[in-house]
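Enquirer: Sharing a sequence plus its predicted fold:
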Amino acid sequence: MSLYSRLSPFTSPPKTNQRISRVILTPKTPTISFPPKPTNLLTITAVRGKPRWENLLYTAKPRTLPIIRAVNGNSEHSPVTPAKPSWENFLATAASLYPLYVIVGWFVACVKPSTFAWFVSRGPASYSLTLGLIMLAMGLTLEFKDMIRLFLQRPLSILFGCVAQYTIMPASAFAISKILGLSPSLSVGLILLGCCPGGTASNVVTLIARGDVPLSIIVTACTTLGAVLLTPFLTKILAGTLVPVDAIQLSISTLQVVVTPILLGAYIQSAFPAVVKIVTPFAPLFAVLASSLLACSVFSENIVLLNSMVGASLTSDLSPLRQAQAILSGDLGVVMLAVALLHYVGFFVGYISAAICGFKEPQRRSISIEVGMQNSSLGVVLATSHFSSPMVAVPPAVSAVVMNVMGSSLGFLWRYKNPSDSESSPKIDDK
C-alpha cells in the first residue's frame, strides 16, 4: 500500500493556522495530520515502506533509518546506525580493559610465577600458537577491499604513519640502549621491540583519545604486513654487532605467526561471512586476553633471572609488597626506564613530526599512539624462538605493562580535550 501526500507553503497570507492543499489517500488508510509551519516546504514520499524525508527527521517506525538532506544547504549526514545489543557493548567494554588485565597478570607473575607454569611449560610452541590466534582474530575483522579504498583516499597520512613507525622507534631503541649502557642481551631485546610493528591495542587507545581510528587500524595492518621484511632486517642492522641475528629465520617466523594468520582470517571472512558475523564480537576480547597471557607468561618465566639482576633472592617469608620492591630496586628498574623512555619518545616524536608535516589534530593523535605502541607479543615470540639468551625477551615482556599504562593514560588525557580545539591551520587533509 502506497501513500503520497504533499504539504504546500502558503502563497498568500493565511486566514487560518493550517492549510492542506491536496491529500490523496488510498482506501482504509488512517489519516495522519501534521501541524505544518508556514515557512517549511515538506515533501513526504513513501514507496513500499521505504520513506524519504526532506528537511525533517521523523520516523513512524523506530527501525527506519533515513538519510537526511538539508533543502537549503549542501550538508549530508550518514544514516543513523542501530544500537548494538547490550551483550556486544559488554564485550567491547571488557576488551577495552586490556591495560588492567596486563597489570594484574604482571603483578601475579611477580609474586607467584608458578601461576603461569602450565602455559610456560609448553613454550615456545604455545607462544607462537597464541600469537597466531591473535593475528587470526585481527584478520577476521579486516576487509582488504576497504583497506585498499581507504589507502587510495588517504595515502599521505597512511604512508607517513608507516614510515614513522619503522624509523622513529628502531633509531630510538638503539640510542637508548647505548645511553643507558644495557647489556648486549637486553639491548637486543629493546632494539627488537623497537623494530616490531604497531600493536592492536593502539586502535583501542586511539578510540579513547578521540583520534582517527580508521587511520590507526590501516597503519597497524600495513606495518604488521611489512614486519615480514622490515622487523628482521632492521634488527639485523641495529643489533647484529651485539649478538648473531638470523634475519632469514626471523622473517620466516614473522610470516608464519603474523602474515599467514591474517590472510587466513581475511579468507574466512569472505568465504564464511555468516560464521564470521557471529564470531567477530568476541574477537577483540579474545585478542586482549591472549596478549595478556602471553606477555605475563614470558615475564613469569624469566622471574628467576630478573631476581638475579636485582641481586637478591626472594624468599617465601617476604610479603608480596616486599617482593615487588625487591624486584624493582635493582637493574630491572633500568630495563623499565629504558622501555618507558622508548615509548615516551615514540608518543612525543610521533606527534611532533605529524604536527610539523601539517596533519590535523585527530591524525596527529593517531600517529602518535600508533608509533608509541608496539606489538610486544611479536617481540616476545621472536625473542624466545631465535635468541639463546632468555633475557632478550625481558624488554618486550616489560613493555606489555609499561606501554599500556602510558598509552591508556595519554588516551584518557586526550579524551577530555576536543580535537577541534587544537586546530591550527593544518596543511594536510587527505580524507
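Expert: Nice, thanks for sending it over.
Enquirer: Test my guess that Leu293 contacts Phe119.
Expert: Yes: Leu293 lies in contact with Phe119 (Cβ atoms under 8 Å); the separation is 6.5 Å. Quick note: C-beta positions are derived from backbone N, CA and C, even for glycine.
Enquirer: anything in contact with each of the two?
Expert: In terms of Cβ atoms under 8 Å, 6 or more residues apart in numbering, Leu293 and Phe119 are not both contacted by any residue.
Enquirer: What number of residues are in the vicinity of Ala92?
Expert: For Ala92, the neighbour count with other Cβ atoms under 10 Å is 15.
Enquirer: scratch that, Ala173 is what I was asking about
Expert: Count around Ala173 with other Cβ under 10 Å applied: 32.
Enquirer: I'd like the next helix or strand past the strand or helix carrying it.
Expert: Assigned by DSSP states H and E, Ala173 belongs to helix 155-180. Downstream of helix 155-180, the next assigned helix or strand under DSSP H and E is helix 184-194.
Enquirer: packing partners for that next one?
Expert: Helices and strands touching helix 184-194, by 3 or more Cβ pairs under 8 Å, 6 or more residues apart in numbering; DSSP states H and E, are helix 155-180, helix 213-239, helix 332-356, helix 376-386, helix 394-415.
Enquirer: Give the buried residues for that helix.
Expert: 185-194 (16 or more other Cβ atoms under 10 Å).
Enquirer: what angle do the helix or strand following it and helix 376-386 make?
Expert: Sequence order places helix 201-208 as the next helix or strand after helix 184-194, per DSSP H and E. Using axes from the mean of the first three to the mean of the last three Cα atoms, to 10 degrees, the inter-axis angle of helix 201-208 relative to helix 376-386 is 170 degrees.
Enquirer: what's the spacing between Ser253 and Gln153?
Expert: Distance of Ser253 to Gln153, computed by Cβ to Cβ, to the nearest Å: 34 Å.
Enquirer: what about those two, which has more around it?
Expert: Ser253 (22 against 12).
Enquirer: Need the pLDDT of the more buried one.
Expert: With respect to pLDDT, Ser253 has a value of 83.
Enquirer: Repeat that for Thr45.
Expert: In this model, Thr45 carries a pLDDT of 42.
Enquirer: Measure how buried the closest residue to Leu229 other than its chain neighbours is and give me the count.
Expert: Leaving out its chain neighbours, the residue that sits closest to Leu229 by Cβ to Cβ, 6 or more residues apart in numbering is Ser251, at 6.4 Å. For Ser251, the count of nearby residues is 18 (other Cβ under 10 Å).
Enquirer: give me the element Ser251 is part of.
Expert: helix 247-254.
Enquirer: Would you mark the buried spots in that helix?
Expert: 247, 250-251, 253-254.
Enquirer: Stretch 260-270 now?
Expert: Buried-residue list, stretch 260-270, by 16+ other Cβ under 10 Å: 260-263, 265-266, 268-269.
Enquirer: Contacts for stretch 139-157 next, please.
Expert: By Cβ under 8 Å, 6+ apart, stretch 139-157 touches 158, 212, 214-215, 218, 221-222, 261-266, 268-269, 276, 279-280, 283-284, 359, 363, 367, 428, 430-431.
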